[in-house]
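Undergrad: Take this sequence and fold it.
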Amino acid sequence: MERKSEFIQVFTTVAKRSDAERIAKALSDKKLSACSQIIGPITSVYKWKGKVEKSKEWLCLSKSKKNNYKKIEKAIKEIHPYELPEIIAVPIIEASREYLAWMRKEIA
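TA: The predicted structure follows:
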């Protein structure tokens, strides 16, 4: 049985909701994510090529297994429209036993 710490949540942001939906669907189709949520629009403020930028973005959060991270990163990079996409994973520290069981079933 896997431990909670073996699960992650992966964050990525995009300029269009349709791009977030495409990423969420691709991860699901490849059984790399049990579930993704799309939140937005959000406002992002960041430094890019020496200038402070402000833009409207959509946040895509996907739940997976830690050992799938490299495959998730590759899948996102293949379809992400940004030159340098944000792809960040954080551990899932706590979750209900039932939710973890469901995730195990849905992820390759």
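Undergrad: quick one, helices of the protein?
TA: 17-29, 69-79, 97-106 (DSSP state H).
Undergrad: Would you pull up how far the shortest one lies from the middle of the chain?
TA: Distance of helix 97-106 from the chain centroid (C-alpha atoms, centre = their mean, to the nearest Å) equals 18 Å.
Undergrad: could you give the angle of it to helix 17-29?
TA: Relative orientation of helix 97-106 versus helix 17-29 (axes from the mean of the first three to the mean of the last three C-alpha atoms, to 10 degrees): 80 degrees.
Undergrad: please begin residue numbering at 48 from this point
TA: Happy to do that; since the first residue is 48 now, the last one works out to helix 144-153.
Undergrad: which helices and strands does helix 144-153 pack with?
TA: Under the contact criterion of 3 or more C-beta pairs under 8 Å, 6 or more residues apart in numbering; DSSP states H and E, helix 144-153 touches strand 98-112. C-beta coordinates here come from the backbone N, C-alpha and C atoms, glycine included.
Undergrad: Could you report the pLDDT at residue 49?
TA: pLDDT for residue 49: 50.
Undergrad: and among the helices of the chain, the most buried is which?
TA: Sort those by mean neighbour count, taking mean count of other C-beta atoms under 10 Å, and helix 64-76 sits at the top with a mean of 18.
Undergrad: Pull out the CA atoms of it and give them to me as PDB.
TA: Taking C-alpha atoms only, helix 64-76 is exported to PDB below (Å, rounded to 0.1, in the frame of the first residue of the first chain):
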ATOM      1  CA  ARG A  64      -8.900  28.300 -20.000                       C
ATOM      2  CA  SER A  65      -9.000  26.000 -23.100                       C
ATOM      3  CA  ASP A  66      -5.200  25.400 -22.600                       C
ATOM      4  CA  ALA A  67      -5.800  24.400 -19.000                       C
ATOM      5  CA  GLU A  68      -8.600  22.000 -20.100                       C
ATOM      6  CA  ARG A  69      -6.400  20.500 -22.800                       C
ATOM      7  CA  ILE A  70      -3.600  19.800 -20.200                       C
ATOM      8  CA  ALA A  71      -6.100  18.400 -17.700                       C
ATOM      9  CA  LYS A  72      -7.600  16.100 -20.300                       C
ATOM     10  CA  ALA A  73      -4.200  14.900 -21.600                       C
ATOM     11  CA  LEU A  74      -3.100  14.000 -18.100                       C
ATOM     12  CA  SER A  75      -6.300  12.100 -17.500                       C
ATOM     13  CA  ASP A  76      -6.200  10.300 -20.900                       C
END
